[in-house]
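Novice: fold the following for me, if possible:
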Amino acid sequence: MAEYEAVIGLEVHVQLATQSKLFCSCSTRFGQPPNTNVCEVCSGMPGALPRVNGEAVRYATLVGLATGCTINRKSVFARKNYFYPDLPAGYQISQFELPICEHGHLDIRVGDMSKTIGITRIHMENDAGKSIHAQHENASYVDLNRAGTPLVEIVSEPDMRSAVEAVAYLKRLYAIVTYLGICDGNMEEGSFRCDANVSLRKKGTEPFGTRAELKNLNSFRNVQRAIDFEIARQQDVLDDGEKVIQETRLYDAVKNLTVSMRGKEEAHDYRYFPDPGILPVCISEEEFARLQAALPELPQERLERFMAMTSLPEADAEVLVASRAMADFFEAAAALAEPRKIANFILGSLQRELNATGKDISACRMTPQHLAELVQMIDSGVISAKIANDVFGELMESGVAPKDFIADKGLVQISDSSELEKIVDDVIAANPAETEAYRGGKTKLLSFFVGQVMRATKGKANPALVNELLAKKLG
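Specialist: Residues are numbered from 1 along each chain as shown. The predicted structure is shown next:
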């Protein structure tokens, strides 16, 4: 790869979390029986007139504001002509010459490097239906439930130079649309998906190489794997003295390779023209001001505030803002206990349990109030940090309040010095060789004695008091 440089641009499709479709009142609810959320408009019946969903327009405007775009107060829908079985009207209603948002950017961080990725445009469009291929019947079916679902397509500039940068950009964008509450972020259901345009050029040259568009990228991991594979494939083609073909390629996640799907279309192939059935979308000054005021605190702003609250390095603080649900969880708990200690539990025990179970924070049965209660119990000496860590998984699974759980299990910390003194005496008496070595100058053995006392008390001894008693009795 030393001779070549990758040039990558992403086209991200974000399904807007409206209750109805973009041009009709049919439901957008996922998982309904085939062809039940369908009417004359979204099934493409001749003479049926579309009507723009105002909530979708507001959501698209919020995305543009959050990514530093210019918001066009007047935008126009166009017909994008192509013929697929799951596109009932024979064209897609999209935006072309006058999209709703243009000329934005996102800042990303990869390691110690910061970079700005340009956003060419954000436009609204309706989704197609779904083709279902029943091989055992040797037949294909079309489900139009998804047809007409509102999308925004976010088109980046070709500013990314590696798969790692592409994933960093996608994650930042994902955080923004979920923070805004305009997308549920469910990648498995297709709510957030992207196509990647990948090309190679010789290092030090300006012209772009011939690009391939990669489809079927439905996870951050697959985006990285597909782009890495395509970079290697194109390099092999160029090294063999051949030319890269401009085409659309399908990514096979099982085999980890891309395969040719069809020749890549250009804009003129779609024969765009303004949709005569839809009036221009106009955003008034009053509505624009209201949307600006409604813009919530975004991930980058929250990251900086959390870093100030906790003194955590940026890489750790990013875990706290990885999703709005996680950030809200941290903030609610940090309002009741010391923020840095709350953050440490989230970065340690909480992340460990989420990773082990494959669950998201939204499915966690432990509440922010319970996490704060756990930290308060450690601070007040009711339990040790070790006990808290040991039982954390059970607390998360049960959803029981820590005070009730600790009392029921008999895990309250032993802080009675007379009770601990006897246990310390027994441990010292049971380990004469270590006691003699400690008194002979091997003071590192103190941790051995602490461990023995903790074992004898099943982790319930107050560590500070144990250290104090041992230091006194061992001399």
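Novice: give me the secondary structure label for the residue nearest to C101 when sequence neighbours are not counted.
Specialist: With CB to CB, 6 or more residues apart in numbering as the criterion, C101 has its nearest non-adjacent residue at 3.1 Å, and that residue is G64. Every C-beta, even on glycine, is put in place using the N, C-alpha and C of the backbone. At G64, secondary structure determined by DSSP: H, G, I helix; E, B strand; the rest coil is helix.
Novice: list the contacts for G64?
Specialist: Counting by CB atoms under 8 Å, 6 or more residues apart in numbering, G64 makes contact with 70-71, 100-101, 104, 122.
Novice: most widely separated two among these?
Specialist: By the measure CB to CB, those have their two most distant members at I100 and G104, which lie 11.5 Å apart.
Novice: quick one, strands of the stretch 151-300 of the chain?
Specialist: Assigned by DSSP state E, counting those that start in this stretch, the stretch 151-300 of the chain shows strands spanning 192-202, 212-217, 247-252, 257-263, 273-274, 281-282.
Novice: just send these back as CSV, with mean neighbour count too.
Specialist: Below are the strands of the stretch 151-300 of the chain laid out as CSV (neighbours: other CB atoms under 10 Å):
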stretch, mean neighbour count
strand 192-202, 21
strand 212-217, 21
strand 247-252, 18
strand 257-263, 14
strand 273-274, 14
strand 281-282, 16
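Novice: where does the residue nearest to C101 land on pLDDT?
Specialist: G64 is assigned a pLDDT of 98 by the prediction.
Novice: and what of the one 4 residues further on?
Specialist: For G68, the pLDDT comes out at 96.
Novice: the closest residue to it other than its chain neighbours is in what secondary structure piece?
Specialist: Nearest residue to G68, sequence neighbours excluded (CB to CB, 6+ apart): G104, at 4.5 Å. Here G104 sits within strand 101-110, counting by DSSP states H and E.
Novice: mind listing the strands whatever helix or strand comes next after that strand pairs with, and their directions?
Specialist: Next helix or strand after strand 101-110 toward the C-terminus (DSSP H and E): strand 113-126. In its sheet, strand 113-126 lies beside strand 101-110 (antiparallel), strand 150-156 (antiparallel), with partners assigned from DSSP bridges.
Novice: tell me the most buried of these?
Specialist: Among the strands paired with strand 113-126, strand 150-156 has the highest mean neighbour count (mean count of other CB atoms under 10 Å), at a mean of 24.
Novice: what lies in contact with it?
Specialist: So strand 150-156 is contacted by 9-16, 18, 21-22, 28, 53, 56, 59-60, 63, 67, 94, 117-127, 169, 173 (CB under 8 Å, 6+ apart).
Novice: and the angle from that strand to strand 192-202?
Specialist: Between strand 150-156 and strand 192-202, the angle comes out at 20 degrees (axes from the mean of the first three to the mean of the last three CA atoms, to 10 degrees).
Novice: could you give the mean pLDDT of strand 150-156?
Specialist: Taken as a whole, strand 150-156 has a mean pLDDT of 98.
Novice: now that strand - C-alpha only, CSV.
Specialist: In CSV, the C-alpha atoms belonging to strand 150-156 read as follows (Å, rounded to 0.1, in the frame of the first residue of the first chain):
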residue,chain,number,x,y,z
PRO,A,150,-38.6,8.6,5.3
LEU,A,151,-34.9,8.7,5.0
VAL,A,152,-32.2,11.3,4.9
GLU,A,153,-29.1,10.5,2.9
ILE,A,154,-25.9,12.1,4.2
VAL,A,155,-23.2,12.4,1.6
SER,A,156,-19.7,13.0,2.7
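Novice: switch to numbering from 6
Specialist: Got it, first residue is 6 now, which makes that one strand 155-161.
Novice: how far off centre is that strand?
Specialist: 17 Å (CA atoms, centre = their mean, to the nearest Å).
Novice: then stretch 197-204?
Specialist: Offset of stretch 197-204 from its chain centre (CA atoms, centre = their mean): 17 Å.
Novice: where does the stretch 56-205 of the chain dip in pLDDT?
Specialist: Counting by pLDDT under 70, not a single residue of the stretch 56-205 of the chain qualifies.
Novice: let's go with 90 and repeat that
Specialist: The stretch 56-205 of the chain contains residues with pLDDT under 90 at 87-91, 114-118, 136-145, 190-195.
Novice: ok, the stretch 206-355 of the chain next?
Specialist: 209-211, 220-223, 266-275, 319-320, 327-329.
Novice: how about the helices in it?
Specialist: For the stretch 206-355 of the chain, the helices defined by DSSP state H, counting those that start in this stretch cover 225-244, 290-299, 304-315, 319-325, 329-339, 344-350.
Novice: okay, those helices in CSV with distance to T372 and mean neighbour count next?
Specialist: Output for the helices of the stretch 206-355 of the chain, formatted as CSV (distance: least, CB to CB, whole Å; neighbours: other CB atoms under 10 Å):
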stretch, distance to T372, mean neighbour count
helix 225-244, 28, 18
helix 290-299, 28, 12
helix 304-315, 19, 17
helix 319-325, 17, 17
helix 329-339, 8, 20
helix 344-350, 13, 21
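Novice: and of those helices, who's closest to C369?
Specialist: Nearest of the helices of the stretch 206-355 of the chain (CB to CB): helix 329-339, 7.6 Å.
Novice: how far is that closest one from where the chain is centred?
Specialist: For helix 329-339, the separation from the chain centroid amounts to 15 Å (computed by CA atoms, centre = their mean).
Novice: would you mind pulling the contact partners of that helix?
Specialist: 180, 183-184, 186, 304, 307, 311, 314, 324-326, 344, 347-348, 351, 365-367, 369, 373-374, 376-377, 380.
Novice: mind listing what R216 touches?
Specialist: Per CB under 8 Å, 6+ apart, neighbours of R216: 12, 202-204, 249, 251, 269.
Novice: please parse the chain into its domains.
Specialist: The chain is divided into the following domains under automatic domain parsing: 9-292, 302-414, 422-479.
Novice: so where's the stretch 356-480 of the chain uncertain?
Specialist: Those would be 361-369, 385-392, 394-396, 402, 410-452, 454-480, if you go by pLDDT under 90 across the stretch 356-480 of the chain.
Novice: can you pull the contacts of G445?
Specialist: Under the criterion of CB under 8 Å, 6+ apart, G445 has no contact partners.
Novice: ok, it to S403 distance?
Specialist: According to CB to CB, to the nearest Å, G445 stands 48 Å off from S403.
Novice: possible to save the contacts of G69 as CSV with distance to Q140?
Specialist: Formatted as CSV, the contacts of G69 follow (distance: CB to CB, whole Å):
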residue, distance to Q140
T75, 48
I76, 47
I105, 41
C106, 42
G109, 43
I127, 38
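Novice: mind checking which of the strands paired with strand 118-131 is nearest I411?
Specialist: strand 106-115 (40.2 Å).
Novice: now the angle between helix 304-315 and the closest one, please.
Specialist: Using the same axes, to 10 degrees, strand 106-115 lies at 40 degrees relative to helix 304-315.
Novice: any chance you could list what contacts strand 106-115?
Specialist: For strand 106-115, with CB under 8 Å, 6+ apart as the criterion, the contacting residues are 65-66, 68-69, 72-77, 119-128, 167, 169-170, 173-174, 177-178, 181, 305, 319.
Novice: and the closest residue to K135 other than its chain neighbours, how many neighbours?
Specialist: Leaving aside its sequence neighbours, K135 sits nearest to D148 (CB to CB, 6+ apart; 4.7 Å). Look at D148: counted by other CB atoms under 10 Å, it has 18 neighbours.
Novice: wait, D148 sits on N40?
Specialist: Yes. Between D148 and N40 there is a contact at 5.9 Å, judged by CB atoms under 8 Å.
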